[in-house]
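A.B. asks: Provided below for reference: sequence and predicted model.
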Amino acid sequence: MEKYNSWILIVLSCIFSVIILDAIGIFVPIENIFYDLRFKIRGPKKTSDKVIIVAIDEESLTELGRWPWDRKIIAKVVENLVSKGAKVVALDILFPEESNSLSDTKLVSALAKGETVVASHFETVYENVLKGDTIHKVLTEKLILPITKIQKVSKTGFANVEPDKDGIIRKVMLYRKYKGEHYDAFNFTIVKTYLGEKNIKNLPKIIYVNYYGPPEYFDKKTNKIVTTFVRYSVVDIYNNVIPSTWIRDKIVLIGSTATGAYDHYPTPYTHTYPGVEVHATVIENLINNNYCKKFNKNYVLLLSVVTIIVLGILFYNLTATPIISLILFLVVGYYLLSYFVFVKLYTIIDFVPFAFSVVSLGFSSILYKLFFEQKEKKLIKKTFSKYINPYIMEELLKNPVGSLSALGGQKREITVVFADIRGFTTISERLSAEEVVKLLNECFSALSNVIFKYNGTIDKYIGDCIMFFWNAPIEQPDHTDLAVSCVIEMFKELEKLNQEYQVPSNLKIKMGAGINTGEAVVGNIGSTHLMEYTAIGDTVNVASRLQELTKEFNVPIIISEYVNKKIVGRIPTFSLGKVNIRGRIQAIEIFGVKM
């Protein structure tokens, strides 16, 4: 009961652990690692070419000068793109303040010629707020919009992206409220402009980005370095060297890709991913409806709890090897399933809560089994150390759970011996009490050593009589031969003792032994306060009666017909006829053993 209750406590502890750890967000950083790993396993994917990036790159900065450029340069780029048939031209560039009037006018004029979107930005700033007679600096959020002239001819959207705590961008916000007003993100505004608002289905406020790869990667099929998105340098658009067919009906994003630019973020693929490419990826996701969705974490938690309960039932009766195998199978299998769902359905299923549930219960189970195995080994040593030899003890300790599970009482065939030592009463008249005790102890020690030599189990000492048996607690196929051979050697050992103590021939220590084979109940018999490992049943009673018959027939060893059948041809015996055993209706044939 103690073992069972302890196991229930372990299962409940694992359930509460996964619930609590999930609630406080401990799993999130680890979950992010496995989330990123899905992209790396899948590898880069081809985009639809609906989105083009016009990059403010090192080549452009070299030819057109350091950033920021005069706005008339950007105006010319926008005008060239619109004239080549770009469906939407979007500028991932902030214009929060006016510059010179001529340049601003040219930029506004160019933006007005087509469908254009310009970035805005939410900023966290300190504002002076008067409270009473004191001015306090208060941290507030402020929306930085393009200059009013641009707002009149272009749509705007906030370009903010919020990385996770480890700095990696995994999800983006498509829209939000600010001072009671609805605002769309830069990328979402572009999609609405491209598809038309009526074609936009209900989208969640936050989506997970389905990245198509790093900015550049080696394509094994073509053996070339390719870009995830089609990318042209601003200088090429400015110089008008790109054919119209490459631009027509596309979404064109203008933004910085220069290495030294601030607008770079880590993604699952790379540590430096241009912000403009993040927007391009989100736009591609929304147009093709292949952005990633997060599976309800509560369902994963419920699955984890149910898994712990089911495995709690399975693990209780399993050993360490199948437990570890099952842990590996479930964890790897679950991750492969989550990967398959991610690739085919663009759905992210949390992996860590389930993996933690399986691994924590599995290793708790192994530690639990080791603890109770050691406890059971101690119990076996305590129970059997006085009755069996070291060999059998080691055999028991190899599988303590299996052996102990049978100790409550088990029917099995055994060979049982009752050996009665005779002659001490007469000897005690010639020797002192101390000498008698010494002789008796030496006699029992010598005989016990012989029993242990033949791997017998001593049941008990009853006065001058020893009860011992074979084939329990471990199986011994040749138990009958072992028993008879052991008893024969015990007589030889007694003869040595008689010679050592120089006991007169008429006062020698003698012995009578009865041996029987048959079924008996073997196990811990007694109460919860006092138990002993013993054998009971008719087989035991017959062996005791046979020992008593040795006096009547004046033979040292008497065996039953059941023993004789098993040893015939190997150990010489002779028949003593049939006898009625007290307590039994049917007579049995008994045999003497030649020594």
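C.D. replies: Structure's in. What do you need? These figures come from a predicted structure and were not determined experimentally.

A.B. asks: Need the three-state assignment for the closest residue to T319 other than its chain neighbours.
C.D. replies: Ranked by C-beta to C-beta, 6 or more residues apart in numbering and with sequence neighbours excluded, the top spatial neighbour of T319 is K369, at 7.3 Å. Bear in mind the C-beta positions are built from the backbone N, C-alpha and C, glycine included. The three-state label given to K369 by DSSP: H, G, I helix; E, B strand; the rest coil is helix.

A.B. asks: Could you number the chain from 461 rather than 1 from now on?
C.D. replies: Sounds good: first residue 461 from here, last item K829.

A.B. asks: Tell me how far K829 lies from T940.
C.D. replies: Distance, K829 to T940, by C-beta to C-beta, to the nearest Å: 36 Å.

A.B. asks: Report the separation between T687 and N976.
C.D. replies: Using C-beta to C-beta, we find T687 at a distance of 91 Å from N976.

A.B. asks: So between the two, which is more surrounded?
C.D. replies: The neighbour count for T687 versus N976, taken as other C-beta atoms under 10 Å, is higher for N976 (32 against 16).

A.B. asks: residues contacting F678?
C.D. replies: Listed by C-beta atoms under 8 Å, 6 or more residues apart in numbering, the contact set of F678 reads 684-686.

A.B. asks: same thing but at 7 Å, please
C.D. replies: Taking C-beta atoms under 7 Å, 6 or more residues apart in numbering, we find F678 in contact with I685.

A.B. asks: Does it belong to a helix, a strand or coil?
C.D. replies: strand.

A.B. asks: On the pLDDT front, check it for me.
C.D. replies: In this prediction, F678 carries a pLDDT score of 84.

A.B. asks: Identify the bridge partners of it.
C.D. replies: Beta bridges link F678 to I685, judged by DSSP bridges.

A.B. asks: how close does it get to M950?
C.D. replies: According to C-beta to C-beta, F678 and M950 sit 84 Å apart.

A.B. asks: for V1053, same thing?
C.D. replies: Distance from V1053 to M950, by C-beta to C-beta: 12 Å.

A.B. asks: So those two - more neighbours on which side?
C.D. replies: M950 (26 against 23).

A.B. asks: Might you report the residue contacts of the residue nearest the centre of the chain?
C.D. replies: Nearest to the mean C-alpha position of the chain, counting by C-alpha atoms, centre = their mean, stands V819 at 1.8 Å. V819 makes contact with 787, 791, according to C-beta under 7 Å, 6+ apart.

A.B. asks: mind checking pLDDT for it?
C.D. replies: On pLDDT, V819 comes in at 93.

A.B. asks: and it, which of the three is it?
C.D. replies: Under three-state DSSP, the three-state class of V819 is helix.

A.B. asks: Please report the distance of it from I768.
C.D. replies: For V819, the distance to I768 (C-beta to C-beta) stands at 11 Å.

A.B. asks: and what of N588?
C.D. replies: In terms of C-beta to C-beta, N588 sits 56 Å off from I768.

A.B. asks: for V632, same thing?
C.D. replies: From V632 to I768 the distance is 35 Å (C-beta to C-beta).

A.B. asks: repeat for Y794
C.D. replies: Relative to I768, Y794 is positioned 14 Å away (C-beta to C-beta).

A.B. asks: Tell me which of the two has more neighbours.
C.D. replies: Legend: neighbour count by other C-beta under 10 Å for Y794 and I768, higher for I768 (24 against 18).

A.B. asks: Where does that one fall, secondary structure wise?
C.D. replies: Using DSSP states H and E, I768 sits in helix 757-775.

A.B. asks: Show me what that helix is packed against.
C.D. replies: In terms of contacts (3 or more C-beta pairs under 7 Å, 6 or more residues apart in numbering; DSSP states H and E), helix 757-775 is packed against helix 462-483, helix 812-844.

A.B. asks: Which one of the ones you listed has the poorest average confidence?
C.D. replies: Across the helices and strands packed on helix 757-775, helix 812-844 has the smallest mean pLDDT, namely a mean of 74.

A.B. asks: between K829 and T940, which one's more packed in?
C.D. replies: Taking other C-beta under 10 Å, K829 and T940 do not tie; T940 has more neighbours (26 against 20).

A.B. asks: Read off the pLDDT value for the more buried one.
C.D. replies: Looking at T940, its pLDDT is 97.

A.B. asks: which residues touch it?
C.D. replies: By C-beta under 7 Å, 6+ apart, the neighbours of T940 are 875, 977, 1023, 1026-1027.

A.B. asks: Against R872, how distant is it?
C.D. replies: The gap separating T940 from R872 is 14 Å, by C-beta to C-beta.

A.B. asks: With K566 instead?
C.D. replies: 103 Å.

A.B. asks: which one of those two has more residues nearby?
C.D. replies: K566 (20 against 15).

A.B. asks: Need the three-state assignment for that one.
C.D. replies: Classified using three-state DSSP, K566 is helix.

A.B. asks: And for K898?
C.D. replies: Per three-state DSSP, K898 ends up helix.

A.B. asks: Please flag which of the contacts of T940 sit within strands.
C.D. replies: Here DSSP state E is the test, and those give 875, 977 as lying in strands.

A.B. asks: between the contacts of T940, which has the most around it?
C.D. replies: Each of the contacts of T940 was scored for neighbours by other C-beta under 10 Å, and T875 scores highest at 32 neighbours.

A.B. asks: I'd assumed E979 was in contact with that one.
C.D. replies: No: T875 lies out of contact with E979 (C-beta atoms under 7 Å); the separation is 11.3 Å.

A.B. asks: on that earlier part again, distance check, the residue nearest to the centre of the chain against I809.
C.D. replies: V819 is 17 Å from I809, by C-beta to C-beta.

A.B. asks: Likewise for I918?
C.D. replies: 62 Å.

A.B. asks: measure L469 to G883 for me?
C.D. replies: Distance, L469 to G883, by C-beta to C-beta: 59 Å.

A.B. asks: higher neighbour count, those two?
C.D. replies: G883 (18 against 11).

A.B. asks: three-state assignment of the closest residue to A1047 other than its chain neighbours?
C.D. replies: Once flanking residues are discounted, A1047 sits nearest to K1038: 4.5 Å by C-beta to C-beta, 6+ apart. Assigned by three-state DSSP, the conformation of K1038 is strand.

A.B. asks: V877 versus K1038, what's the distance?
C.D. replies: K1038 sits 22 Å away from V877, going by C-beta to C-beta.

A.B. asks: The two: which is more packed in?
C.D. replies: Shown here are K1038 and V877; by other C-beta under 10 Å, V877 has more neighbours (28 against 11).

A.B. asks: What number of residues are in the vicinity of E558?
C.D. replies: Using other C-beta under 10 Å, E558 has 13 other residues around it.

A.B. asks: can you tell me the helix or strand for it?
C.D. replies: Assessed by DSSP H and E, E558 sits outside every helix and strand.
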